[in-house]
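*Asks:* Here is a sequence together with a model predicted from it:
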Amino acid sequence: MRRIFQSQKWIPLFFALITIVAYGLLLPFTGFYWDDWPFAWAAKFLGPAQFIPSFAGFRPFLGPIFFVTTSLIPSNPILWQIFALIIRFLATLSAWFALNQIWPRYKFQTLIASLLFLVFPGFSQHWVAFTHINQEWIPFIFYLLSFGFTACALRDPKMKTINSIIALLLLFVGVFPTEYFIGLEPLRFLFIWIIIAEETNGFWSRFIQTIKYWWLYFLIWIADAVWLAYYYKSGAYISYGVTATRHALSIKTWLLAFGDAFWKAGLYVWAQVLVLTAQSVNAPTTLLTFVLIVLSFLSIAFYILQLDLFSQLSFHQSKTFAISAILIGFIGILLGRVPSFAAGLPLTLQSSYDRFMISMILGACLFATGLIDLLIQNNLAKIYVFALLISLGIGQQFFNANIFRRDWSRQQDIYWQLAWRIPALKPNTAILTDFVPIDYETDLSFTAPLNWMYAPDFHGGDLPYAMIYVNKRLGGSSISDLKPDTAIELPYRTVTFHGSTSQAIVIYAPENGCLRVLDSVYANAQIYNKFPSIMPLIPLSDPSRIITNASPPNLPNPPFPNEPSHTWCYFYEQAELARQVGDWNKVAGLGRAAAQQGFVPQDDFEWLPFIEADARTGDLKSAEQITRQAWTHDGKLHAGLCILWERVQVEGSNEVQAIALKLIAALGCQ
C-alpha cells in the first residue's frame with residue numbers, strides 16, 4: 001500500500017477520487033439548468049444534426065462538438081452529470097500533462113497546480129453540465145493539450161514536426177469554437193520562453209528563438225481574432241443579446257476591471273467558502289461542508305506526504321519555478337478576463353457570470369502555487385497550506401452542489417404543479433409571467449420542459465408553447481406591448497414560437513407557495529393589487545386554453561423526476577382545476593382531504609378556493625373561521641377576501657347571503 005501512495009503512476013487515480021469527492025457526492029440529486037434544457041430538448045426532438053444549422057450564425061465551430069456529444073449521450077440529466085465528472089477529470093489530466101511538459105523538473109509543483117485546477121472554487125457552474133461541457137470544457141481540453149504538445153515538440157527534436165502539427169490542430173479546435181480562450185495564447189509565448197531559456201542565454205537570443213517557435217500559433221490566433229472581429233462587426237455573432245464594446249474604454253476602467261479579476265480569481269476565491277458559510281454557521285449544509293473540508297485536508301496532506309515527490313523538494317531549486325509561475329499566473333488571470341470584459345460582461349462570483357472564470361483557472365492556479373511555493377520555505381508547512389487550499393476548493397464545490405440540488409428540487413415542484421394544474425394546453429399558447437423565482441433558469445430554459453410536457457410528439461414546425469418573462473421580453477422583438485392580439489414571436493434555435501397576447505395564460509409562482517394560474521374572476525388584478533409586476537398581465541390570461549378534461553401529461557423519467565408525494569400543493573392545484581370547471585364539491589373535498597393529512601399553505605392566498613368552496617357547499621363555519629384567520633395573518637389578502645365574499649353574497653342562497661353580508665361588514669370591506 002505504501003508503494004501505491006509513493007508511486008506517481010497512481011496520481012491519476014488520486015485525481016479521480018478528488019473529482020468524485022468535489023463534484024460527485026450530490027450528483028444523483030442534480031439535473032438540467034440554464035441552457036441545458038433547450039439543448040437537451042433540441043437533441044431529443046430535433047436530433048443531433050440540428051446543432052450544425054443551429055450554431056451556423058452563433059459560434060459555428062461549436063455545432064460539431066454538440067453533434068458528436070449529443071449523438072453519444074441521450075438527454076438524460078444523470079448521464080450528463082456523470083459525463084461532466086469525466087470531462088473535469090480529463091481536463092485535469094490535460095493540465096497536468098501540459099504543466100509537466102513545460103516544467104518537467106518541478107513535478108511536485110505541477111501536481112499541486114493541477115489539483116488546484118481540478119477544484120478551482122471560482123467556477124461554480126460545473127453542474128450546468130450539458131452547456132459547459134460542450135461550450136467551454138471540451139475546447140479547453142484541446143487548448144491545454146495544445147500547450148503540452150508544443151512543449152513536447154520543443155523537448156523532443158525527433159518528434160518536433162509531429163508534435164507541432166498536433167499542437168497546431170489542437171489550438172484550432174480549442175480556440176475557434178468559443179471566444180472564451182482568445183486571450184490565452186500569449187501564455188504559449190511565455191511557456192516557450194521558459195523552455196528556450198533553459199539552454200539559451202541572452203534576452204534577444206531567447207526572444208528570437210521564442211518567436212521562431214511561436215509564429216505559426218500566432219497566425220492561427222490572429223486568424224481567430226479576425227474571425228471574431230468580423231463576427232462582432234457584421235452582427236452575425238449574437239450571445240444572449242450581448243455585443244462587443246464599441247466605444248473606447250479608459251485606462252482607469254481597464255485597471256479597475258483587471259484589479260477586480262486579480263482579486264477575485266487570484267486571491268479571494270480560495271477563502272470564498274469561509275465567507276459564504278459564515279452567513280449560516282449552524283445550517284446543515286455548512287456543517288457538512290466543514291466536515292468535508294477537514295476530512296479532505298487530512299487525507300490530502302497524508303497522501304502528499306507519502307509521495308516521492310515530497311522528498312525531492314528544495315526551496316532554492318523551486319524558487320525559479322515560483323517566480324515564473326507567479327508572473328505567468330498573474331498575466332494569465334488578466335488575459336483570461338479580456339474576452340468577457342471586452343464584451344461588457346461582469347465578473348460576479350456565485351452567479352452564472354462566474355463562468356468567465358474558466359479562462360482564468362490556469363493562471364489563477366499557477367499564481368497560487370507559485371506564491372505559496374515562494375513565501376513558505378518550510379516544506380511541511382508548505383504541504384499543509386497546499387492541502388488546505390485544495391480542501392477549501394472541495395468544500396466550495398460541495399457547497400455549490402447543494403445550491404444546484406435545491407434548484408433541481410424546486411424545478412421538480414414547478415413541473416409537477418404545472419402538470420397537476422394544467423392537464424393539457426391548446427397549441428400556440430404562451431405562458432406569461434414576470435419571473436419564476438429559481439436562480440438558474442430563464443423563460444427560455446422553461447420553454448423546453450414546457451414543450452417536453454405538452455408536446456411529446458413534436459418533430460418540427462412551429463413551436464407549440466413558450467414561457468415568456470414579460471419583464472424581460474416586453475418592448476423587444478418577442479412582444480411589443482400588452483394589448484390584446486399583439487403578436488408574440490420567440491425564435492428557439494431552429495424553430496420558432498408564434499402566438500399572441502390573446503392566446504395566453506398568466507401564471508404566478510411565489511417563492512414560498514404553489515404555482516397559480518391567474519384570471520379575471522378568481523385571481524384578478526384587484527386581488528393581486530399588491531403585486532405590481534404581475535397585475536398588468538392578468539387581463540391577458542385566458543384559462544379556457546387549458547384543456548381541463550384531458551388526462552394529466554406523462555412526465556417521462558428522465559428527464560423529469562418521478563411524481564413526488566402529494567402534499568399541500570397537489571391538493572391546491574387540483575382544487576384550482578376543479579374550481580375552473582365549477583366543481584365546488586370537489587374543491588371542498590380536496591380541502592378536507594388536505595386538512596386530514598395536516599397540510600396547510602405557506603401562502604394564505606391559497607386558502608381562497610377552499611374558503612369559497614366551503615361557503616358555496618354549506619360549511620359556513622369553516623369558511624368564516626379560515627377567512628378571519630387569513631385576514632389577520634396577511635394584509636395583502638384583504639382585497640381578495642372581500643371580493644370573494646361579495647361574489648358569494650351575490651350568488652349564494654339566502655342563508656349564505658346573510659352570513660356573507662355580516663362578514664363583509666365585520667371585515668370592513670369597501
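*Replies:* Good, I have the coordinates. Numbers count the residues shown, from 1 in each chain.

*Asks:* Now do the contacts for Glu576.
*Replies:* Neighbouring residues of Glu576 by CB atoms under 8 Å, 6 or more residues apart in numbering: 421, 516-517, 609. The C-beta positions use only the backbone N, C-alpha and C, and glycine is treated the same way.

*Asks:* Nearest to Gln580 among the residues you listed?
*Replies:* Proximity of the contacts of Glu576 to Gln580 (CB to CB) peaks at Val517, which lies at 7.8 Å.

*Asks:* Can you show me the strands along the chain?
*Replies:* Remark: strands assigned in the chain by DSSP state E are 429-433, 465-469, 487-492, 495-500, 504-508, 516-518.

*Asks:* Packing partners of the first one?
*Replies:* The one in question is strand 429-433. strand 465-469, strand 495-500, strand 504-508 (3 or more CB pairs under 8 Å, 6 or more residues apart in numbering; DSSP states H and E).

*Asks:* then the second one to PDB, C-alphas only?
*Replies:* Output for strand 495-500, consisting of C-alpha atoms alone and laid out as PDB, is shown next (Å, rounded to 0.1, in the frame of the first residue of the first chain):
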ATOM      1  CA  VAL A 495     -37.800  26.500 -34.600                       C
ATOM      2  CA  THR A 496     -40.000  29.500 -33.600                       C
ATOM      3  CA  PHE A 497     -43.000  30.000 -31.400                       C
ATOM      4  CA  HIS A 498     -45.800  32.100 -33.000                       C
ATOM      5  CA  GLY A 499     -48.700  33.200 -30.800                       C
ATOM      6  CA  SER A 500     -50.400  36.300 -29.400                       C
END
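
*Asks:* related to what we said a few turns ago, for Ala575, find the nearest of the helices and strands packed on strand 429-433.
*Replies:* strand 504-508 (16.1 Å).

*Asks:* quick one: contacts of the closest one?
*Replies:* Contacts for strand 504-508 (CB under 8 Å, 6+ apart): 422, 425, 429-434, 468, 488, 515-519, 523, 528, 531, 534, 537-538, 540-543, 545-546.

*Asks:* quick one: contacts for Thr285?
*Replies:* So Thr285 contacts 277, 399, 402 (CB under 8 Å, 6+ apart).

*Asks:* what pLDDT does the first one get?
*Replies:* Meaning Thr277. Note for Thr277: predicted pLDDT of 93.

*Asks:* sorry, back to before: dump the contacts of Thr285 into CSV; add neighbour count and distance to Arg59 as well.
*Replies:* Listed next are the contacts of Thr285 as CSV, based on neighbours: other CB atoms under 10 Å; distance: CB to CB, whole Å:
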residue, neighbour count, distance to Arg59
Thr277, 19, 37
Phe399, 22, 31
Asn402, 20, 31
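
*Asks:* Could you export those as a markdown table, including distance to Phe297?
*Replies:* Putting the contacts of Thr285 into a markdown table (distance: CB to CB, whole Å) gives the following:
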| residue | distance to Phe297 |
| --- | --- |
| Thr277 | 15 |
| Phe399 | 16 |
| Asn402 | 20 |
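
*Asks:* mind listing which of these are in helices?
*Replies:* In this view, the contacts of Thr285 that belong to helices under DSSP state H are 277, 399, 402.

*Asks:* Nearest to Thr627, out of these: which one, please.
*Replies:* Asn402 (39.7 Å).

*Asks:* contacting residues for that closest one?
*Replies:* Residues counted as contacts of Asn402 (CB under 8 Å, 6+ apart) are 26, 285.

*Asks:* And the helices in the stretch 51-200 of the chain, which stretches?
*Replies:* 51-54, 63-72, 77-102, 107-119, 129-132, 138-155, 160-175, 185-197 (DSSP state H, counting those that start in this stretch).

*Asks:* Off-centre distance for the longest one?
*Replies:* Okay, so that is helix 77-102. In terms of CA atoms, centre = their mean, to the nearest Å, the gap separating the centre of helix 77-102 from the centre of its chain is 19 Å.

*Asks:* What of stretch 396-405?
*Replies:* 11 Å.

*Asks:* With just CA atoms, put it into PDB.
*Replies:* The C-alpha trace of stretch 396-405 is given here as PDB (Å, rounded to 0.1, in the frame of the first residue of the first chain):
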ATOM      1  CA  GLN A 396     -16.700  25.200  -2.000                       C
ATOM      2  CA  GLN A 397     -17.700  22.800  -4.800                       C
ATOM      3  CA  PHE A 398     -19.800  20.800  -2.400                       C
ATOM      4  CA  PHE A 399     -21.400  24.000  -1.200                       C
ATOM      5  CA  ASN A 400     -22.200  24.800  -4.800                       C
ATOM      6  CA  ALA A 401     -23.500  21.300  -5.500                       C
ATOM      7  CA  ASN A 402     -26.100  21.800  -2.700                       C
ATOM      8  CA  ILE A 403     -27.300  25.100  -4.400                       C
ATOM      9  CA  PHE A 404     -27.900  23.200  -7.600                       C
ATOM     10  CA  ARG A 405     -29.500  20.300  -5.700                       C
END
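
*Asks:* Check the average confidence over it, would you?
*Replies:* 96.

*Asks:* for stretch 477-489, same thing?
*Replies:* Stretch 477-489 comes out at a mean pLDDT of 91.

*Asks:* Can you list the buried residues in that stretch?
*Replies:* Neighbour-count burial for stretch 477-489, with 16 or more other CB atoms under 10 Å as criterion, is recorded at 478-479, 488.

*Asks:* what do you get for stretch 195-205?
*Replies:* So for stretch 195-205, counting by 16+ other CB under 10 Å, buried means 195-197.

*Asks:* closest to Leu255 among those residues?
*Replies:* Of the buried residues of stretch 195-205, the one sitting nearest to Leu255 (CB to CB) turns out to be Ala197, at 29.6 Å.

*Asks:* Ignoring the adjacent residues along the chain, who's closest to the closest one?
*Replies:* Arg206 (5.5 Å; CB to CB, 6 or more residues apart in numbering).

*Asks:* Just give the number of residues close to the one you found.
*Replies:* Neighbourhood size, Arg206 [other CB atoms under 10 Å]: 17.

*Asks:* if I look at Gln209, how far off is Pro449?
*Replies:* Distance of Gln209 to Pro449, computed by CB to CB, to the nearest Å: 56 Å.

*Asks:* out of those two, which sits in the busier spot?
*Replies:* More neighbours surround Pro449 than the other of Gln209 and Pro449, with 23 against 19 (other CB under 10 Å).

*Asks:* so what pLDDT did that one get?
*Replies:* pLDDT, read off for Pro449, is 96.
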